[in-house]
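>>> Sequence first, predicted coordinates after that:
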Amino acid sequence: MLEAVLTLSLLGLAAGVGLAVASRIFYVWEDPKVLAIADTLPGANCGGCGYAGCASAAEAVASGKAPPNVCVVGGYDTAKEVAAIMGLEVKEREPEFAWSSCNYGVDEADLIYSYNGAIDCRAAMLLYGGTKLCPIGCIGLGTCVKACQFDALTIGENNLPVFNRDRCVGCGACERACPKNIIQLTSATRRIISEYMTTECTAPCQRACPTGINIPAYIKEVREGNFEKALLIIKERCPLPLVCGYICPAPCELKCRRTLVDEGVAINTIKRFAAEYEMNTGKRIQPYRAPQTEAKIALVGGGTEGLTASYYLARLGYRPTIFEARSQLGGILRYVISESRLPRNVLDHDIKSILDIGVEAKTNSAMGRDFTVSGLLREGYDVVLLTMGGLDSRKILHPDKRCFDIPVHGLFLMLDVLLALKQGEEVEMGRDVVIVQGGPKALELARRCKELGAQRVTIISSLPKDLLPVEFQDEKELAKEGICVRPGSMVVALEGLGDRLTRIVVEENEPLDPSNPERESLEVSTLIMGLGRFPELAFVRSLEQEGEEISGDKVRWQTLELFRTFQESDGHGLLKSPEPGRISDSAAVVRSILSGRRLARGIHQYFSEGAIRPIDNLASEAEVILDVKEVHNVKPLPRELVLVKDLTVDIKATWTSSEGLPPLEEGIVKKEAERCLQCGLICYEKTTDITEQESRNV
């Protein structure tokens, strides 16, 4: 017995000594910060941070490879605790949430086969991409629900995922699990600047809408009597809903899928009714606005584009101020469009709604007379954005002004220069002149600039050399005249000091390496643009002057490459209008709403990401997108003619005037909303009974 006890004791002693020695030899030091951070994290190990688990995320934060707010599950409170451990500060990050654009389940959609295999979307995906005819339709077997660790997802009665916004932490597990890639993470801010992509389920009317309103969604809310929700959906993409209700040419109605059966839904009329609900009830129905930042944005011009850009900048948390030369905001809307077509109380109501969301306006403030671009930058504005409208608006709204109503000295429109020279006025050209675009007139003007004292004239054209006019082909002869031609190039940025343009940055249209194109900076005294209007330029302080103390009028500035927020196809670069050469008719007014929102998106990208990029795969710009050419099992319903006069009484009645039109009645509008088929990419509501076999026929 004693021997056994001694033996066991010696074995225990030997093992203890061995373990002690091993612990010293194989000792692994653990960073106390990593341990503290790991204890702070929730331990969900969901992978939403992009790391294998909470332990890996803690190591990444401690080593500086990840920010303190890396954990999407813990939220701001956890981020503050982690930041305190690291001795850092952290800003609250906007929460993300998951969503899907698919609206028709397996029981309602057109199918190509019946699936009876494993209850997993990935398994069904292996067989012809799933059961649905629609290539982006939800399979509905709940793989995303199984992936969610926070009970934020369920499968609804229509076999589509139902997202619980309150429980969703934005970890992205469902997004990664979806084999169709139709579940996406988004946020309130991201939805403000987003646009429809080819990977989303969109209706033909949505894609045709110049402003990108989710038309089926707001019509559904009107049909159910939720007028406030309907207006919130409209205001997500259109800050002037009542104005558009009066003047929009409604291209969406021409694309309405009901035209394949009878007549399109009165989409614009329903929108006007929802907007009038706000005006008639006196309520101010405002969509989400992000927490306000310190960034100040000055917008020169209070027309449709300026109002729209300021509205979205305010919603994104910035502090926009509109500088308008006339006594009231509105531009073409107020001073050109007849009041019989657009009542001024309607315009005032929408403008008041924009101002109420956080936009400041300074009227009777003309550029060049009351302020300058460099002066606004000197006053502390972070961005100065030009939204001055088209050529016709300049001539109509400011007929008493000379043509040299320019943002900075040395920047001119070719039309203004030619007009001044024809009238015998003196134009100071300086030493280095650059002419952009302009065709054959550019060469004529280049020779005139040489006569006026310019030492060097450069003509920049987006066209390749072989497509240039014959006058531009003899480079040697032109060089003898002091004229240089640069084909296949575009201006991407302007630089200046104070109120004077000093340099431009040029890039090739088709560089060898599109991800890293070669850029050349050219000294310039005068830049003449062969455009019909000033492009939407955005001025910021140059990076080399960031943090410097501003002294006197010498503010060094540069322009943002806002043109990159548009899909670039013609190589005009910075000096391109979103609506080049277009007169300001009602269609252009509505399109300028989209332009204003895209400009706001570009500025937001500059502040939040440091780079301005277009959205790829836009549904509105896709050459080919899935659609149907005929519909079945849809009962014809007569259109409720809620906005058309009785032509049998007044044969001269037109759509151009709102006078004498009957008020919109709730019952009639709801009946019209019931005609909407709630279309998706190829799905739509079938209003007559069909057999199961017919529903599966392709």
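Structure's in. What do you need?
>>> all contacts plus neighbour counts: C-alpha atoms, from now on.
Noted.
>>> any chance you could map the strands in the stretch 551-698 of the chain?
556-559 (DSSP state E, counting those that start in this stretch).
>>> swap in the stretch 351-500 of the chain?
Under the criterion DSSP E, counting those that start in this stretch, the stretch 351-500 of the chain carries strands at the ranges 360-362, 383-386, 411-413, 432-436, 456-460, 483-486, 489-497, 500-508.
>>> out of the ones you listed, which comes closest to R639?
strand 360-362 (42.1 Å; CA to CA).
>>> Partner strands of that closest one, with direction?
Sheet partners assigned to strand 360-362 using DSSP bridges are listed as strand 319-323 (parallel).
>>> Need the strands of the stretch 351-500 of the chain in TSV (columns: distance to G212, mean pLDDT and mean neighbour count).
Output for the strands of the stretch 351-500 of the chain, formatted as TSV (distance: least, CA to CA, whole Å; pLDDT from 0 to 100; neighbours: other CA atoms under 10 Å):
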stretch	distance to G212	mean pLDDT	mean neighbour count
strand 360-362	26	96	18
strand 383-386	23	95	24
strand 411-413	32	86	21
strand 432-436	32	92	24
strand 456-460	35	91	23
strand 483-486	38	89	21
strand 489-497	28	91	23
strand 500-508	32	91	20
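>>> Indicate which one of the ones you listed is closest to L531.
strand 411-413 (6.3 Å).
>>> Contacts only, for P216.
A203, Q206, C676, Q678, C679 (CA atoms under 8 Å, 6 or more residues apart in numbering).
>>> packing partners for the helix or strand hosting the second one?
Right, Q206. For Q206, the host element (DSSP states H and E) is helix 204-208. Contacts defined by 3 or more CA pairs under 8 Å, 6 or more residues apart in numbering; DSSP states H and E place helix 204-208 against helix 215-223, helix 251-255.
>>> now the end-to-end length of stretch 624-631.
Stretch 624-631 has an end-to-end distance of 19 Å (criterion: CA to CA, to the nearest Å).
>>> Report the buried residues of it.
V631 (16 or more other CA atoms under 10 Å).
>>> Might you calculate how far it sits from the centre of the chain?
26 Å (CA atoms, centre = their mean, to the nearest Å).
>>> re earlier: can you add distance to K441 and mean pLDDT and give the helices and strands packed on helix 204-208 back as JSON lines?
Putting the helices and strands packed on helix 204-208 into JSON lines (distance: least, CA to CA, whole Å; pLDDT from 0 to 100) gives the following:
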{"stretch": "helix 215-223", "distance to K441": "45", "mean pLDDT": "96"}
{"stretch": "helix 251-255", "distance to K441": "36", "mean pLDDT": "92"}
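>>> Tell me which of those helices sits most buried.
Most buried of these, by mean neighbour count (mean count of other CA atoms under 10 Å): helix 215-223, with a mean of 23.
>>> Tell me if I am right that L522 is in a strand.
Yes - assessed with DSSP: H, G, I helix; E, B strand; the rest coil, L522 lies in a strand.
>>> Phi, psi for the most centrally placed residue in the chain please.
Centroid-nearest residue in the chain: I193, 3.4 Å away (criterion: CA atoms, centre = their mean). Main-chain torsions, I193, degrees, to the nearest 10: phi -110, psi 0.
>>> Give me the nearest residue to it, chain neighbours excluded.
Of all residues not flanking I193 in the chain, R601 sits nearest, at 5.5 Å (CA to CA, 6 or more residues apart in numbering).
>>> Please work out the average pLDDT along the helix holding Q206.
What helix 204-208 shows for mean pLDDT is 92.
>>> domain ranges for this protein?
Following automatic domain parsing, the chain resolves into domains at 97-186, 204-286+630-695.
>>> ranking those by mean pLDDT, which is last?
Here the domains of the chain differ in mean pLDDT, and the lowest is domain 204-286+630-695 at a mean of 83.
>>> circling back: with distance to L342 added, can I get the strands of the stretch 351-500 of the chain in CSV?
Conversion of those to CSV gives the following (distance: least, CA to CA, whole Å):
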stretch, distance to L342
strand 360-362, 22
strand 383-386, 26
strand 411-413, 32
strand 432-436, 38
strand 456-460, 42
strand 483-486, 47
strand 489-497, 38
strand 500-508, 40
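>>> looking at these, which is closest to N164?
Nearest to N164 among the strands of the stretch 351-500 of the chain is strand 360-362; the distance by CA to CA comes to 36.7 Å.
>>> Could you report the neighbour count for the residue nearest to I193?
Using other CA atoms under 10 Å, R601 has 24 other residues around it.
>>> And the domains of the chain: which comes nearest A22?
Nearest of those (CA to CA): domain 97-186, 39.7 Å.
>>> rewinding a little: adding distance to V5 as columns, could you present the helices and strands packed on helix 204-208 in JSON lines?
Formatted as JSON lines, these follow (distance: least, CA to CA, whole Å):
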{"stretch": "helix 215-223", "distance to V5": "82"}
{"stretch": "helix 251-255", "distance to V5": "93"}
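>>> Looking at the ones you listed, which is nearest to I267?
For I267, the closest of these is helix 251-255, at 6.3 Å, according to CA to CA.
>>> Who are the packing partners of the helix or strand just after the closest one?
Once helix 251-255 ends, the next helix or strand along the chain (criterion: DSSP H and E) is helix 267-281. Secondary-structure packing of helix 267-281 (3+ CA pairs under 8 Å, 6+ apart): helix 215-223, helix 227-235, helix 241-247, helix 251-255, helix 666-673.
>>> any idea how far G317 is from the nearest residue to N158 once chain neighbours are set aside?
Distance criterion CA to CA, 6+ apart; nearest residue to N158, sequence neighbours excluded, is G105 at 5.1 Å. Distance, G105 to G317, using CA to CA: 37 Å.
>>> Repeat that for D39.
Distance of D39 to G317, given as CA to CA: 34 Å.
>>> How about A366?
Here the distance between A366 and G317 works out to 26 Å (CA to CA).
>>> just to revisit the earlier point, the residue nearest to I193 reaches E195, doesn't it?
No - with contact defined as CA atoms under 8 Å, R601 does not count as touching E195 (10.6 Å).
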